[in-house]
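Asks: Here is my input, please return the structure:
(chains A and B)
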Protein chains: 2
Amino acid sequence: MSPFTAIRADSALARGERRLIADIRGWLGRASPRAPFGIGDDCAVIPPTRHRQLVTTDPVIFGRHFDAGVSARDVGAKLLKRNLSDIAAMGGRPVAAVVSLALGADASVRWLRGFYRGLAACARRHRVRIVGGDITQGPERFFGAFLTLHGDSAGTRVVTRTGARRGDRIYVTGTLGGSLLGHHYRFAPRLAEGAWLARRPEVRAMMDVSDGLAKDLFSLTPPGLAPALVAAAVPVSAAARRRARVSGRSPLAHAMGDGEDYELLVVVRSGADPGRLARAWRRRFPGVRLTEIGRFVRAGAEPAGALRPGDFHGYEHLR
Amino acid sequence: MSPFTAIRADSALARGERRLIADIRGWLGRASPRAPFGIGDDCAVIPPTRHRQLVTTDPVIFGRHFDAGVSARDVGAKLLKRNLSDIAAMGGRPVAAVVSLALGADASVRWLRGFYRGLAACARRHRVRIVGGDITQGPERFFGAFLTLHGDSAGTRVVTRTGARRGDRIYVTGTLGGSLLGHHYRFAPRLAEGAWLARRPEVRAMMDVSDGLAKDLFSLTPPGLAPALVAAAVPVSAAARRRARVSGRSPLAHAMGDGEDYELLVVVRSGADPGRLARAWRRRFPGVRLTEIGRFVRAGAEPAGALRPGDFHGYEHLR
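Replies: All right, here's what the predicted structure looks like:
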């Protein structure tokens, strides 16, 4: 469904500021607490926290992150899920979000209703409150929604991307590749998995795979080290195989480079017992794979058969 | 200066994601703490707080909030100051911000450097850390920067827009109107004033004047009441008088409706001693006016000579 309309009466902005904000509060329903804790004052108010807080921001923009082929509800949910995945990657718990919209005078109110309902349903599922936002007119045929999500580290530990050492094992949750076939808006952010992994003493570093394993692995790799991956171990998704049938590229290339997997990439300290981690994982998440895909080695000391992430292209945002 | 360039080598996006992010960290300098507290991980980490927290979000968009006549540095500073004014209006203290950019491939790297340097200088002045963000490609000739600012309520009290009662006095800081002549990017957010007012027991409600007094007053007015303003008391700015010379409208109309004043609108309980408040204010803020402009009365019981905000137009964002 297209976010735009040629009919002035169907335009979201034609409703005027007050009515549109009232509409949005209605569409958000229970996901929108009352002022001052929600929409309607100069700032939203959120409770104090004992733990360190997490903040992340990711948008969805028409023509970039979605098109008319995706439903408005799915776009709204995806906006929140992209950000939830970042909270998951630090082992945190999501709390509250604000949403800033820029949209043309031709943005459809019906589409916007679907967008907010999708956002609200996802927010309720993950107990996130939509506490504020802003609406500004942008150019025609433009729709951008910019969400900032706050989370709680839910403990004293925040798992960052840094800390990997030589010999550490590299794991990934789920399967990778082919997200364009639907996963990129159907995925479930790995919040429970991230929080569980953050409590495991074996876990040294973590991030989510959003730009593709090949590219994202670099962000976990300390200077002087290199990831040595076992090609056969990389968990290739069924969608990556389907994509490969028409793309002329291998399923592995899709798994390495497609991006938008929103799986967790996890560094486990070399001395840890991998069997023990695997058993505990299977008990807690029997339906989700956790796969060891390689190790960090000294740069230049990669085994001859090891896969090099540099062989594959990850998603480049700015091109 | 125009944010756009026709020369590919001068494009910000042509630098690629990694180099551009490194540039931005350089431009932000000390305003950007190191990961995980700043840019560079899945989320930024901010310390826990004992007090309730404030969150606000406001953008700057080319063609809407600025044009090529404003310097890039002023645009960057304005982005933060718009949000600081919201924190001031709740009596809070700013802490940390994230910035999400959407910009066309034609956005100039030189312009962007000025923008971030202006943002950074303003952030340092107000001790705000720029802890994270996102950059996404948007359409050509588009530049939008969406900032979310976190603050601390700096005490148990958060002053909201609600709570005015019949007989309460209405005050405003500074002078109003004519902001387009320069005030809209030169203004200083009333942070010290807001924090001071929030500690005064006389103060019942507060907000900032961003859309014009005429429009914003409605947000402070409870059902059944109406603001009765004394026309002669409204502090009209010199810029409003200058605008009136060419606009054919009165200086008062500019003061009531221009918007972007970023002054504080304050409700003081009827039983309080106005002389005592005025003296304490003058001691603390000798260079800033605090003017009583009217009172809240029963709706329909406005004195014959009272100014009605409905007589004037405030700024309508969505048109």
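
Asks: Get me the contact residues on the stretch 151-300 of chain A for chain B.
Replies: A:151, A:153, A:158, A:160-162, A:207-208 (Cβ under 8 Å from any Cβ of the partner chain). All C-beta spots, glycine's among them, are computed from the backbone N, C-alpha and C.

Asks: And those, which two are furthest apart?
Replies: By the measure Cβ to Cβ, A:G151 and A:T162 form the most distant pair in these, at 18.9 Å.

Asks: which one of those two has more residues nearby?
Replies: A:G151 (30 against 15; other Cβ atoms under 10 Å in any protein chain shown).

Asks: orientation of the one helix or strand the more buried one maps to relative to strand B:143-152 in degrees?
Replies: Secondary structure from DSSP states H and E places A:G151 in strand A:143-152. Here strand A:143-152 runs at an angle of 20 degrees relative to strand B:143-152 (axes from the mean of the first three to the mean of the last three Cα atoms, to 10 degrees).

Asks: Skip ahead from strand A:143-152 and say which helix or strand is next.
Replies: Strand A:143-152 is succeeded, C-terminally, by strand A:169-173 (DSSP H and E).

Asks: what's the spacing between A:G194 and B:L220?
Replies: A:G194 is 43 Å from B:L220, where distance means Cβ to Cβ, to the nearest Å.

Asks: Actually, A:G40.
Replies: 12 Å.

Asks: who has more neighbours, these two?
Replies: Shown here are A:G40 and B:L220; by other Cβ under 10 Å, B:L220 has more neighbours (23 against 19).

Asks: wouldn't the more buried one be in contact with B:T160 here?
Replies: No: with contact defined as Cβ atoms under 8 Å, B:L220 does not reach B:T160; the gap is 9.8 Å.

Asks: Need the residues touching each of the two.
Replies: Residues touching both B:L220 and B:T160 (Cβ atoms under 8 Å, 6 or more residues apart in numbering or on different chains) are B:A205.

Asks: how near is A:P3 to A:A14?
Replies: For A:P3, the distance to A:A14 equals 15 Å [Cβ to Cβ].

Asks: okay, the two: which has more neighbours?
Replies: A:P3 (25 against 18).

Asks: how much space between the more buried one and chain B?
Replies: Note on A:P3: its distance to chain B, by Cβ to the nearest Cβ, to the nearest Å, is 14 Å.

Asks: just A:G76 next, same as before
Replies: Taking Cβ to the nearest Cβ, one finds A:G76 at 17 Å from chain B.

Asks: For chain A, which segments count as helices?
Replies: Under the criterion DSSP state H, helices of chain A are mapped to A:17-28, A:72-89, A:109-125, A:183-186, A:191-199, A:213-220, A:238-247, A:251-257, A:274-284.

Asks: And chain A, split by domain according to the record?
Replies: Following automatic domain parsing, one finds the domains of chain A at A:8-152, A:169-310.

Asks: B:A123 is nearest to which of the ones you listed?
Replies: Nearest to B:A123, of the domains of chain A and by Cβ to Cβ, is domain A:8-152 at 15.2 Å.

Asks: pLDDT on the closest one, on average?
Replies: Average pLDDT, domain A:8-152: 94.

Asks: now swap in stretch A:248-268 and tell me
Replies: 95.

Asks: For that stretch, measure first residue to last.
Replies: One end of stretch A:248-268 sits 35 Å from the other (Cα to Cα, to the nearest Å).

Asks: Likewise for stretch A:178-197?
Replies: So stretch A:178-197: terminal residues 25 Å apart, Cα to Cα.

Asks: where does the residue of the stretch 151-300 of chain A found nearest chain B sit relative to A:R52, distance-wise?
Replies: Scanning the stretch 151-300 of chain A for the residue nearest chain B gives A:T160, at 4.4 Å (criterion: Cβ to the nearest Cβ). If you measure A:T160 against A:R52 using Cβ to Cβ, the figure is 11 Å.

Asks: Can you work out which residues contact both of those two?
Replies: B:V45.

Asks: Could you report the neighbour count for A:L264?
Replies: 27.

Asks: Repeat that for A:A278.
Replies: 14.

Asks: ok, it - contacts?
Replies: Contacts of A:A278 by Cβ under 8 Å, 6+ apart are A:L290.

Asks: Just the pLDDT at it, thanks.
Replies: 97.

Asks: What of the one 4 residues further on?
Replies: Here, the pLDDT recorded for A:R282 equals 98.

Asks: and if you look at A:R308?
Replies: A:R308 is assigned 81 on the pLDDT scale.

Asks: filter the residues of the stretch 151-300 of chain A next to chain B to the buried ones?
Replies: A:151, A:153, A:158, A:160-161, A:207-208 (16 or more other Cβ atoms under 10 Å in any protein chain shown).

Asks: shouldn't A:S32 be in contact with A:V128?
Replies: No: counting by Cβ under 8 Å, A:S32 does not reach A:V128; the two are 10.9 Å apart.

Asks: ok, back up a step: what residues are shared contacts of A:G40 and B:L220?
Replies: What both A:G40 and B:L220 touch, as defined by Cβ under 8 Å, 6+ apart, is the set B:R161.

Asks: before we move on, back to that, between the residues of the stretch 151-300 of chain A next to chain B, which is closest to A:H183?
Replies: A:D208 (13.4 Å).

Asks: who touches the closest one in this structure?
Replies: Residues counted as contacts of A:D208 (Cβ under 8 Å, 6+ apart) are A:85-86, A:88-89, A:190, A:216, A:262-265, B:42.

Asks: Ok, A:A97 next?
Replies: A:80, A:83, A:123, A:128-131, A:147-150.

Asks: The residues you listed also near chain B: which ones?
Replies: A:131, A:148, A:150.

Asks: which residues touch the second one?
Replies: Read it as A:T148. Contacts for A:T148 (Cβ under 8 Å, 6+ apart) come out as A:55-57, A:83, A:97-98, A:100, B:55, B:57, B:98, B:100, B:148.

Asks: again, but for A:S153
Replies: Applying Cβ under 8 Å, 6+ apart, the residues contacting A:S153 are A:51-54, A:90-93, B:45.
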